[in-house]
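S.K.: Got a predicted model here, sequence first, then my questions.
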There are 2 protein chains.
Amino acid sequence: MPRTRVHNLNISLDGYAAGEHVTLDEPIGGAGRLFGNFDGRFIHGIDDVDAPVTVDRALTTLWGQGIGAEIMGRRKFGPQTGEWPDDGWQGWWGDETPFRTPVFVMTHHPRPQIDFADGTSFRFVGGTPQEVLRMAQDAADGQDVRLGGGPSSIRQFLEADLVDFMHLVVVPITLGRGVSLWEGLGDVADRFTVESITSPSGLTHQLWNRTS
Amino acid sequence: MPRTRVHNLNISLDGYAAGEHVTLDEPIGGAGRLFGNFDGRFIHGIDDVDAPVTVDRALTTLWGQGIGAEIMGRRKFGPQTGEWPDDGWQGWWGDETPFRTPVFVMTHHPRPQIDFADGTSFRFVGGTPQEVLRMAQDAADGQDVRLGGGPSSIRQFLEADLVDFMHLVVVPITLGRGVSLWEGLGDVADRFTVESITSPSGLTHQLWNRTS
């Protein structure tokens, strides 16, 4: 059975995975410190990257394995709100995106699909988490679907009990404010078996596998 | 630069990675307990395997990433010694091998190449570690070369300082006897930066990256 998976989701010790206000200058909404230790990620595997294979990087290689589509929240795609302005915005990633699959951007505001030569296509869709997941699963053609974040969109899928696997990375910092992954999810851990390891860099990696 | 890599090499607390005598009934030479915890490995990635993504399994996915050829010792290929008997032996793996790349079997006894439909080809070659590595690198076409073991053959490459990366798995058992990975290698760790983590199963994973 194909899975619905979350990868490399960095959260602070106080549970925040993004800042409150996403702007052009601050894509993570002022929570960029969450990613300070994470340069050199091996999201497409350990070849072609000339860096030591650390525990942190080794685990990031799960990100792309067997993934046929991604679902992301609108705030991951860009800082705009409301109707899409006519500004030619095609996401944060320039001409070469990391995804290389269909990417479903959840939004109430329709917009034409954007296709890239590398296999990425951004498709702007509305609907419930169940409905969007069904679209992504169709596009993934038997492979797994990745939930790409941000935390608000992942929380919606957790609330609907649609998440099969999560790789969380607990970063040993506090942010004091931001978008919480856990808000309103008092008993989510009961549905998962959780393994934790702490890597030599001080990051704690948690692998959450849905129990049933 | 392509790397020369070792993956998922299980060793006991007393440093043994195989038993002394390989037979048809005991491919690891009586050291099969080393692999007791390792069912369900994700050597081709986490898709297509219906099992929880544990830390142990996650790290095994490094095995095939960016690998273009493998080098193995003759004792990994089969239990025969001396001249090859006319017994139709094609390795332990049946019709479907895990490798899917050229595999260079180190032997003093020549034998015709064996090709499989899945991309695996066993090529029986003699020579120094440097010479065999050069053949494997040519076949790998810019990708990395995996040293597949057993421990005696990996030790030869460590002695010649040809190993760039090793993923060792220290299994919390003792064997008392067998083929040691470390015999004669008193200062090998000086050439590597080593990260260790212990997974919830009790296995200790070590990632050895060559320093220079």
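M.R.: That came through fine. Residues are numbered from 1 along each chain as shown, chains lettered A, B, ... in the order given.
S.K.: okay, CA-based contacts and neighbour counts for the rest of this
M.R.: Will do.
S.K.: Closest to the centroid, which residue in chain A?
M.R.: A:Gly148 (2.2 Å; C-alpha atoms, centre = their mean).
S.K.: Quick check: closest non-adjacent residue to it.
M.R.: In this structure, A:Gly148 finds its nearest non-sequential neighbour in A:Met72, 5.0 Å apart by C-alpha to C-alpha, 6 or more residues apart in numbering or on different chains.
S.K.: Please name the strands paired to the helix or strand of chain A with the lowest mean pLDDT in the sheet, noting orientation.
M.R.: Scoring the helices and strands of chain A by mean pLDDT, DSSP states H and E places strand A:16-18 at the bottom, with a mean of 90. Paired neighbours of strand A:16-18 in the sheet (DSSP bridges): strand A:179-180 (antiparallel).
S.K.: I'd like the average pLDDT over the partner strand.
M.R.: The pLDDT scores in strand A:179-180 average 92.
S.K.: which residues are contacting it?
M.R.: With contact meaning C-alpha atoms under 8 Å, 6 or more residues apart in numbering or on different chains, strand A:179-180 is reached by A:15-20, A:151-152.
S.K.: cutoff 7 Å now
M.R.: Identification of contacts with strand A:179-180 by C-alpha atoms under 7 Å, 6 or more residues apart in numbering or on different chains yields A:15-20, A:151.
S.K.: Same question for stretch A:150-157.
M.R.: Residues contacting stretch A:150-157 (C-alpha under 7 Å, 6+ apart): A:17-18, A:72-73, A:75-76, A:129, A:147, A:163, A:179-181.
S.K.: So which residues of chain A form helices?
M.R.: Here chain A has its helices, by DSSP state H, at A:55-60, A:74-77, A:129-140, A:151-159.
S.K.: could you flag which of the contacts of strand A:179-180 are buried?
M.R.: A:15-19, A:151 (16 or more other C-alpha atoms under 10 Å in any protein chain shown).
S.K.: Greatest separation within these: which pair is it?
M.R.: Largest separation among those by C-alpha to C-alpha: A:Gly15 and A:Gly19, giving 11.3 Å.
S.K.: that older thread, turn the buried ones among the contacts of strand A:179-180 into a markdown table, columns for distance to B:Pro27.
M.R.: Output for these, formatted as a markdown table (distance: C-alpha to C-alpha, whole Å):
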| residue | distance to B:Pro27 |
| --- | --- |
| A:Gly15 | 48 |
| A:Tyr16 | 50 |
| A:Ala17 | 48 |
| A:Ala18 | 51 |
| A:Gly19 | 54 |
| A:Pro151 | 48 |
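S.K.: Tell me the one of these nearest A:Phe116?
M.R.: Nearest to A:Phe116 among the buried ones among the contacts of strand A:179-180: A:Pro151, at 25.7 Å, using C-alpha to C-alpha.
S.K.: Could you check the pLDDT of the closest one?
M.R.: In this model, A:Pro151 is scored at 94, pLDDT.
S.K.: Ok, A:Asn37 next?
M.R.: So A:Asn37 comes in at 56 (pLDDT).
S.K.: Ok, A:Asp47 next?
M.R.: 81.
S.K.: Counting neighbours, what do you get for it?
M.R.: A:Asp47 has 18 neighbouring residues, counting by other C-alpha atoms under 10 Å in any protein chain shown.
S.K.: That one: what's it in contact with?
M.R.: Residues counted as contacts of A:Asp47 (C-alpha under 7 Å, 6+ apart) are B:65-66.
S.K.: now do A:Ile197
M.R.: Counting by C-alpha under 7 Å, 6+ apart, A:Ile197 touches A:204-206, B:199.
S.K.: ok, and the most crowded of the residues you listed?
M.R.: A:His205 (23 neighbours).
S.K.: Quick check: the gap between the residue of chain A positioned farthest from its centre and A:Arg111.
M.R.: Distance from the centre of chain A peaks at A:Asp86, with 26.1 Å (C-alpha atoms, centre = their mean). Distance from A:Asp86 to A:Arg111, counting by C-alpha to C-alpha, to the nearest Å: 10 Å.
S.K.: Tell me the buried residues in stretch A:29-44?
M.R.: Buried residues in stretch A:29-44 (16+ other C-alpha under 10 Å): A:29-31, A:33-34, A:41-44.
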